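[1] need a 3D model of the following:
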Amino acid sequence: VLCRLINSLQGGGQAPVAKIQAWGGAFKQMEQISQGGEAAERYGIAATDIFQTVDLWEGKNMACVQRTLMNGGGLAVAKGDGLLGGDPNWFPKKSRGGRRVFSEDKLKEGQSVIGLQMGTNRGASQAGMTGYGRGGQIL
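    This is a model prediction of the structure:
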């Protein structure tokens, strides 16, 4: 199913996984899963987002498999080639690298602003507090 999914996302009659076998021993099935993962990487999914073969084969890390499928769906939506046959709102949106360009005047204006991370001169202060270890007054 994984190999058929990857093949369906390739346009122009290309099939990254040429031979799909639905039967065979454990070794053949694991090899088929591995070929699906390699094809997913060639499709554009980051290598760090692709699950390991044993994750799917043993079914112990299905969250990683799901993350791979979700990232693949998001990539298919971002490509916008019409090959995705589902609801595009199911998948996370990929960023498009919105680069911001600021003028020199705007950059200089930012140098004179004190950010909230640096604190403020208004609000609560320690004015009127006594030092530590100093006893209170007795009346």
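
[2] just the helices in the protein please.
    2-9, 26-43, 53-58, 62-79, 104-111 (DSSP state H).

[3] look up how far I6 lies from the most centrally placed residue in the chain.
    Centroid check for the chain by C-alpha atoms, centre = their mean gives N71 as the closest residue, at 7.0 Å. From N71 across to I6, the span is 13 Å (C-beta to C-beta, to the nearest Å). Using the backbone N, CA and C atoms, a C-beta is placed for each residue, glycine as well.

[4] could you measure from K79 over to Y43?
    Distance from K79 to Y43, counting by C-beta to C-beta: 9 Å.

[5] quick check: neighbours shared by the two?
    Common neighbours of K79 and Y43 are not found (criterion: C-beta atoms under 8 Å, 6 or more residues apart in numbering).

[6] now do the contacts for the closest residue to S34 other than its chain neighbours.
    If the residues on either side of it in the chain are set aside, S34 comes closest to T53, at 4.8 Å by C-beta to C-beta, 6 or more residues apart in numbering. Residues near T53 by C-beta under 8 Å, 6+ apart: M30, I33, S34, G37.
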